[in-house]
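**Q** sequence first, then the predicted structure, then my questions.
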Amino acid sequence: MIIHMSIHTPRPGKEEDLIASMHRFGAAGAGQQGFIEGLVLRDTRSGRLVGVARWEDEASWRAGVEAMRVAVADDPFDEWEDGDTEGFALEEV
């Protein structure tokens with residue numbers, strides 16, 4: 001299993017736009033082979049948003065993530081986010 005996780009810091013007033021984009025990203029993964037689940041989470045203390053996509057294996061993630069990126073390719077993240085997105089590809093150890 002591999003988990004693709006991203007951490008976003010929404011700008012004031014742009015949280016709902018960013019959440020909608022993250023849900024579109026996850027929905028695009030739902031049809032990909034090896035996709036297990038996608039979650040959009042909010043940290044209750046900081047307000048930061050966390051996207052989590054679980055995949056059966058790294059090969060499935062690499063093959064399927066491009067469709068997810070295409071689904072949000074035109075979204076203006078530079079207007080919605082404060083700073084860069086932190087991204088992780090996590091494997092169980």
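**A** Perfect, I can see it now.

**Q** could I get the average pLDDT for the host helix or strand of Ala27?
**A** Assigned by DSSP states H and E, Ala27 belongs to helix 15-29. In this model, helix 15-29 carries a mean pLDDT of 96.

**Q** which strands and helices sit next to that helix?
**A** strand 35-42, strand 49-55, helix 58-71, helix 77-80 (3 or more Cβ pairs under 8 Å, 6 or more residues apart in numbering; DSSP states H and E). Every residue, glycine included, has its C-beta placed from N, CA and C.

**Q** do you know which of those lies nearest Ala89?
**A** Closest to Ala89 of the helices and strands packed on helix 15-29, according to Cβ to Cβ: helix 58-71, at 7.3 Å.

**Q** quick revisit: make CSV out of the helices and strands packed on helix 15-29 and add distance to Ile19.
**A** Below are the helices and strands packed on helix 15-29 laid out as CSV (distance: least, Cβ to Cβ, whole Å):
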stretch, distance to Ile19
strand 35-42, 6
strand 49-55, 7
helix 58-71, 14
helix 77-80, 10
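
**Q** Ser21: which of the ones you listed is closest?
**A** Nearest of the helices and strands packed on helix 15-29 (Cβ to Cβ): helix 77-80, 7.3 Å.
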